[in-house]
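In: sequence and predicted model, in that order:
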Amino acid sequence: MSKDNMVQLENPAKNIIEDQLTLFIRESAQQMLKMAIETEVQEFVAQYKGRYLPTGQQQIVRNGYLPKRTIQTGIGEIAVQLPRVRDRGTGKDPITFVSNLVPKYMRRTITLDVMLPLLYLKGISTGDFGDALKPMLGDSAKHITPKVISQLKATWLDDYKTWVKRHLNHKSSVYWWVDGIYLSARMEDAKSCVLVIVGADDAGKKELIALMDGFRESKESWKELLLDLKQRGLIQGARLAVGDGALGFWSAVSEVYPETQHQRCWVHKTANVLDKLPQSQQR
């Protein structure tokens, strides 16, 4: 027989149908951005309205526009053309206009840059970003190539290396919340996870204190993390630490920060109790 009951399903991302609302929002955003940038440059030029050259000419003047460029946003690609400002003076440090909305060399919005590492941690492979983002970004998603993602990964790693070396002399915490988190991203060891400490100061402000790969139940992994914090200036631990009872953290913190009191996390405790009860009694 030449016929069968197999149906060929195409990836919907390959044939994007843009709805009118999305197109309207994108066009409106482009117009609003243009107006906002014009306001920026007008205010900038107005600041130097009283500056004149010896010839009587205005020192800071509008001078056309820079070449148009596109920026990838959460609603797709938006075209931007920034005004050019000219400083007619002869000083060594000319006055230049830089938009606060669209900084130099910006190619993606910050929200999109934040989304990319989150998608990577959720398990999307380097080569699949284009297809995954195409329904949202349209044709501009083709620029998010495996090479771009690899370059971003290198940048993220550099940022992380700088962050884990920062000095902690001025830090103090009332509370620590600690846990070991397993991620969907491909990790070298299936048992390995990310050890996390989130702190809160006297004012109640929360901050990520530590983030390091290790073993959740391992005292040595947590001790290595805590000793690193101490070596970077965090002499005093939190007054109270909250976490799961199965963590290797408790033995480690008792050695490194013995003044820190321990408290069992009620979310973990409740889940552990419910796990031992039949469905009829869980309510």
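Out: Nice, I can see it.

In: so what does residue 211 look like in phi/psi?
Out: Dihedral angles phi and psi of residue 211 (degrees, to the nearest 10) take the values phi -150, psi 110.

In: swap in residue 57?
Out: Here residue 57 shows phi and psi, under degrees, to the nearest 10, equal to phi -80, psi 150.

In: correct me if wrong: it contacts residue 86.
Out: No: distance between residue 57 and residue 86: 11.0 Å, which falls outside the contact criterion (CB atoms under 8 Å). (C-beta placed from N, C-alpha, C; glycine too.)

In: can you show me the strands along the stretch 1-150 of the chain?
Out: Counting by DSSP state E, counting those that start in this stretch, the segments of the stretch 1-150 of the chain that form strands are 60-65, 69-73, 76-80, 83-87.

In: against residue 249, how distant is residue 271?
Out: 18 Å (CB to CB, to the nearest Å).

In: ok so, going back, any chance of the strands of the stretch 1-150 of the chain in a markdown table, with mean neighbour count too?
Out: Converted to a markdown table, the strands of the stretch 1-150 of the chain look like this (neighbours: other CB atoms under 10 Å):
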| stretch | mean neighbour count |
| --- | --- |
| strand 60-65 | 14 |
| strand 69-73 | 17 |
| strand 76-80 | 17 |
| strand 83-87 | 17 |
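
In: neighbour count: residue 271 and residue 249, which is higher?
Out: When residue 271 and residue 249 are compared on other CB atoms under 10 Å, the one with more neighbours turns out to be residue 249, at 27 against 11.

In: just checking, that one touches residue 238?
Out: No: the pair residue 249 and residue 238 fails to qualify as a contact (CB under 8 Å) at a distance of 11.7 Å.

In: would you mind measuring from residue 162 to residue 203?
Out: 26 Å.

In: need the helices for the protein, in chain order.
Out: If DSSP state H is used as the criterion, the helices of the chain fall at 20-47, 110-121, 129-137, 146-163, 219-231, 249-256, 266-275, 279-282.

In: quick one: contacts of the fourth one?
Out: Read that as helix 146-163. Residues from elsewhere that reach helix 146-163 (CB atoms under 8 Å, 6 or more residues apart in numbering): 113, 116, 117, 120, 126, 127, 129, 211.

In: among these, name the buried ones.
Out: Applying 16 or more other CB atoms under 10 Å to the contacts of helix 146-163, the neighbour count classes 116, 117, 120, 129 as buried.

In: which residue packs closest to the second one, ignoring adjacent ones?
Out: Pointing back at residue 117 there. Ranked by CB to CB, 6 or more residues apart in numbering and with sequence neighbours excluded, the top spatial neighbour of residue 117 is residue 156, at 5.8 Å.

In: coming back round to it: out of residue 162 and residue 203, which sits in the busier spot?
Out: Neighbour totals were compared for residue 162 and residue 203, and residue 162 leads with 9 against 6 (other CB under 10 Å).

In: measure the more buried one to residue 231 for me?
Out: In this structure, residue 162 and residue 231 are separated by 17 Å, where distance is defined by CB to CB.

In: do the same with residue 66
Out: Taking CB to CB, one finds residue 66 at 48 Å from residue 231.

In: the more surrounded of those two?
Out: residue 66 (12 against 9).

In: tell me the pLDDT at the residue nearest to the more buried one when sequence neighbours are not counted?
Out: Using CB to CB, 6+ apart and skipping residues adjacent in sequence, the residue nearest residue 66 is residue 82, 4.8 Å away. Per-residue confidence for residue 82 comes out at a pLDDT of 87.

In: likewise for residue 89?
Out: For residue 89, the pLDDT comes out at 84.

In: my guess is it contacts residue 57, does it?
Out: No: here residue 89 lies out of contact with residue 57, judged by CB under 8 Å, at a distance of 10.1 Å.

In: the more surrounded of those two?
Out: Legend: neighbour count by other CB under 10 Å for residue 89 and residue 57, higher for residue 89 (15 against 9).

In: what are the phi and psi values at the more buried one?
Out: Dihedral angles phi and psi of residue 89 (degrees, to the nearest 10) take the values phi -70, psi 170.

In: what's near enough to touch it?
Out: 51, 53, 59, 95.

In: let's have the strands of the stretch 1-150 of the chain in JSON lines, adding distance to residue 180.
Out: Output for these, formatted as JSON lines (distance: least, CB to CB, whole Å):
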{"stretch": "strand 60-65", "distance to residue 180": "53"}
{"stretch": "strand 69-73", "distance to residue 180": "35"}
{"stretch": "strand 76-80", "distance to residue 180": "38"}
{"stretch": "strand 83-87", "distance to residue 180": "51"}
